[in-house]
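Undergrad: The sequence and its predicted three-dimensional model are supplied below.
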Amino acid sequence: MSTIRAESKRYFAALGAHICQLRKARGMTQAELSRAIGVSQQAVFAYELGERRVSVLILARVAKVFAMPVEQLIGMARPVHDRKRRVSHRAIRHAERLMALSKTQQRFVVRILDLLEDRSAAGK
């Protein structure tokens, strides 16, 4: 029984670290993620530290926020990399410019991109 518990703790710690990494890469705060998935900021904090198990319902919400399948979020599937879709030099320059902005400005730009992406997906 203790082996399962230890393994479970390691898994949820890794899952929390992954969620934290995704959140930060998107320029989101814990409070923003908590509002997006309908839990408290303290819950997101506990998820990211691996101190709280993430329910299936919350996993589905987190996966939706990060626009990825749940399987990829939990580490059961690896992202498929299309060799034809490499990042262009222009995209790298834009990313560098984005990183030079303040965190607040980065979040603003990311929100605009998310809105454009949502509108594009809705139009399909």
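TA: That came in fine, so what should we check first?
Undergrad: what about residue 75, which SS state?
TA: Under DSSP: H, G, I helix; E, B strand; the rest coil, the three-state class of residue 75 is coil.
Undergrad: wait, isn't it in contact with residue 14?
TA: Yes - at 7.3 Å, residue 75 counts as touching residue 14 under the criterion of Cβ atoms under 8 Å. Glycine gets a C-beta too; all of them are placed from N, C-alpha and C.
Undergrad: who does the host helix or strand of residue 62 touch, helix- and strand-wise?
TA: Using DSSP states H and E, residue 62 sits within helix 56-65. Helices and strands touching helix 56-65, by 3 or more Cβ pairs under 8 Å, 6 or more residues apart in numbering; DSSP states H and E, are helix 30-37, helix 70-73.
Undergrad: In a markdown table, list those along with mean pLDDT.
TA: Converted to a markdown table, the helices and strands packed on helix 56-65 look like this (pLDDT from 0 to 100):
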| stretch | mean pLDDT |
| --- | --- |
| helix 30-37 | 95 |
| helix 70-73 | 88 |
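Undergrad: Tell me which of these lies nearest to residue 52.
TA: Set against residue 52 and scored by Cβ to Cβ, those come closest in helix 30-37, at 12.5 Å.
Undergrad: middle-most residue in this protein, spatially?
TA: Nearest to the geometric centre of the chain sits residue 22, at 3.2 Å (Cα atoms, centre = their mean).
Undergrad: give me every residue that touches that one.
TA: For residue 22, the contact set (Cβ atoms under 8 Å, 6 or more residues apart in numbering) comprises 66, 73.
Undergrad: Check the gap between it and residue 73 for me.
TA: 8 Å (Cβ to Cβ, to the nearest Å).
Undergrad: what do those two both touch?
TA: residue 66.
Undergrad: Could I get the full set of helices for the chain?
TA: Remark: helices assigned in the chain by DSSP state H are 2-25, 30-37, 41-49, 56-65, 70-73, 89-100, 103-123.
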